[in-house]
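Chemist: Quick one: sequence plus predicted model below, questions after.
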Amino acid sequence: MTQLAWREMALLLALWLAYFAFHSALASLAAKRRVAAAYPGAMPYYRLGFNIVAAILLLPVLWFSYRHPGPMLWRWQGLGAWFADGLALAALFGFWRSLKAYDMDEFLGLRQWKTHTRRVEDQEHFHLSPFHRFVRHPWYFFGLTLIWTRDMNAAQLLSSAAISLYFLVGSRLEEKKLLVYHGEVYRRYMAQVPGLIPLPWKWLRAGEAQALSQMARENEKAQT
């Protein structure tokens with residue numbers, strides 16, 4: 001690559017790192033607690049506002065990546081292209097099917113806004129969908145599949161590597177919160193199911209998933 005292309009890739013990496021730092025900071029319990037203490041009336045809008053701002057700030061990073069692609073590194077060809085596209089379609093289908101397993105009103109922040117919820121902690125209950133029996137973060141797995149089955153120019157390779165690293169770090173940060181919310185139930189779940197990539201020897205049978213979910217419901221009843 002030329003010296004200009006290297007500078008463009010360095011700037012793209014800086015943009016991704018700044019975005020990830022901002023995203024992680026605002027998603028943390030510490031940030032939410034500070035807002036709740038200083039501006040309790042803003043908490044019903046926090047999650048919704050966070051999602052809107054995160055989406056808006058992602059646009060400049062994607063625009064820069066599109067405008068400064070760098071050299072093409074590889075393209076999927078022949079049977080490899082069919083296989084890569086098949087995996088990508090399977091990931092899109094899995095993402096679509098998994099939507100029903102999530103409380104999307106809670107995830108987007110609409111429920112907190114509508115019900116004027118001021119609690120810092122997320123309200124979604126512990127629930128294991130069929131996908132969660134094989135990997136703890138199905139959406140991250142589907143996302144990894146999508147980004148690594150595309151043709152790669154320099155900007156896309158750098159972005160894919162940065163996103164993959166953030167999924168790894170972000171999942172660890174997210175699970176610190178889940179351990180606060182669900183305690184021993186989630187700790188047992190972590191011990192039995194891989195985080196980002198399914199492993200054929202490490203998964204939950206349907207009965208084991210039901211037992212963990214029942215344990216979580218009992219714990220929630222005991223805390224109320």
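Modeler: That came through, no problem. The model shown is predicted, which means the values in this text are computed figures rather than measured ones. Numbers count the residues shown, from 1 in each chain.

Chemist: what residue lies at the spatial centre of the chain?
Modeler: Nearest residue to the geometric centre of the chain (C-alpha atoms, centre = their mean): residue 140, 5.2 Å.

Chemist: Chain neighbours aside, what residue packs nearest to that one?
Modeler: residue 167 (4.5 Å; C-beta to C-beta, 6 or more residues apart in numbering). Where C-beta positions appear, they are placed from N, C-alpha and C, glycine not excepted.

Chemist: residues contacting that neighbour?
Modeler: With contact set as C-beta atoms under 8 Å, 6 or more residues apart in numbering, residue 167 has these partners: 137, 140, 143, 144, 196.

Chemist: what helix or strand is it on?
Modeler: Assessed by DSSP states H and E, residue 167 sits inside helix 154-182.

Chemist: I'd like the next helix or strand past that helix.
Modeler: Per DSSP H and E, the helix or strand that comes after helix 154-182 is helix 184-192.

Chemist: Could I get the full set of helices for the protein?
Modeler: 3-27, 29-38, 46-67, 78-98, 104-108, 110-115, 138-148, 154-182, 184-192, 206-223 (DSSP state H).

Chemist: For my notes, please list those in JSON lines and give mean pLDDT and distance to residue 131 for each entry.
Modeler: Converted to JSON lines, the helices of the chain look like this (pLDDT from 0 to 100; distance: least, C-beta to C-beta, whole Å):
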{"stretch": "helix 3-27", "mean pLDDT": "90", "distance to residue 131": "22"}
{"stretch": "helix 29-38", "mean pLDDT": "86", "distance to residue 131": "26"}
{"stretch": "helix 46-67", "mean pLDDT": "94", "distance to residue 131": "22"}
{"stretch": "helix 78-98", "mean pLDDT": "94", "distance to residue 131": "5"}
{"stretch": "helix 104-108", "mean pLDDT": "83", "distance to residue 131": "15"}
{"stretch": "helix 110-115", "mean pLDDT": "85", "distance to residue 131": "22"}
{"stretch": "helix 138-148", "mean pLDDT": "96", "distance to residue 131": "4"}
{"stretch": "helix 154-182", "mean pLDDT": "91", "distance to residue 131": "15"}
{"stretch": "helix 184-192", "mean pLDDT": "91", "distance to residue 131": "13"}
{"stretch": "helix 206-223", "mean pLDDT": "82", "distance to residue 131": "11"}
